[in-house]
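Okay, here's the prediction I keep looking at, along with the sequence it came from:
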Amino acid sequence: MGRVTMAGGLRRGEACTWRRRLCHGGALVSILFAASAVHSQCRAEQGPFARLAGSWRGGGNAVLDDGSTERLRCRASYGVAGAGMRMALLCASDSYKLNFSADVEASGRGITGSWSEASHALSGSLHGNGGGDSFHVVAHGAGFNASISLRVSGSRQQITMRSWSINANVSLSR
């Protein structure tokens, strides 16, 4: 008995094999598209602070208002929930301590919130912008203003704070 050839030049068994492959391939493509959509939705639900979540450690240096430079040891933690974040940053040197905390909320690229610094009994509001890997805010309080920038790159972050009383550069990692 000879081979049975179907339209298109495929043998009967080959046609079924190709249909199965197309069906499996189509299912795989559908799964990949669905996974991609879910991943994008999850990233959007995580909010702009998602890359900061967790604990960080490191150090840097600070130039104090008297002109002296001191080495800092720092720890930071970020509690992230959607578009909100609670931040705690503790840095210390031999003679200086910074105990900074903030509660912030993002709307688009805008950031607003409140902050406090326990070691010097300071507090106030902050506003700025950013998202993803770069943030810049200005902290205002009674007799105090500071510019704070934060950049994230992989498992590292760089914080720069400029005010009348301190200029600090801190590098943290996970």
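Nice, thanks for sending it over. Numbering: from 1, shown residues only.

hmm, who's touching the helix or strand encompassing Ser77?
Ser77 belongs to strand 69-81 when assigned by DSSP states H and E. Under the contact criterion CB atoms under 8 Å, 6 or more residues apart in numbering, strand 69-81 has outside partners 46-47, 49-50, 52-64, 85-96, 98, 157, 159, 168, 170, 172. Bear in mind the C-beta positions are built from the backbone N, C-alpha and C, glycine included.

Can you mark which positions in the helix or strand following it are buried?
Downstream of strand 69-81, the next assigned helix or strand under DSSP H and E is strand 84-92. Buried residues in strand 84-92, counted by 16 or more other CB atoms under 10 Å: 85, 87, 89-92.

Would you reformat these as a markdown table and include pLDDT?
As requested, the buried residues of strand 84-92 are arranged in a markdown table below (pLDDT from 0 to 100):
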| residue | pLDDT |
| --- | --- |
| Met85 | 95 |
| Met87 | 95 |
| Leu89 | 94 |
| Leu90 | 95 |
| Cys91 | 93 |
| Ala92 | 93 |
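
Next, give me the two most distant ones among those.
Met85 and Ala92 (22.8 Å; CB to CB).

how close does the most centrally placed residue in the chain get to Gly132?
The centroid of the chain falls nearest to Arg51 when counting by CA atoms, centre = their mean (2.3 Å). Per CB to CB, to the nearest Å, Arg51 is found 7 Å from Gly132.

Show me the beta-bridge partners of Ala88.
On the basis of DSSP bridges, Ala88 is bridged to Ser77, Ser101.

which residues touch it?
With CB under 8 Å, 6+ apart, Ala88 has these contacts: 76-77, 100-101.

Can I get the buried residues of strand 84-92 in JSON lines including distance to Ala142?
Listed next are the buried residues of strand 84-92 as JSON lines, based on distance: CB to CB, whole Å:
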{"residue": "Met85", "distance to Ala142": "24"}
{"residue": "Met87", "distance to Ala142": "21"}
{"residue": "Leu89", "distance to Ala142": "20"}
{"residue": "Leu90", "distance to Ala142": "22"}
{"residue": "Cys91", "distance to Ala142": "22"}
{"residue": "Ala92", "distance to Ala142": "24"}
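
Cool, thanks, talk later.
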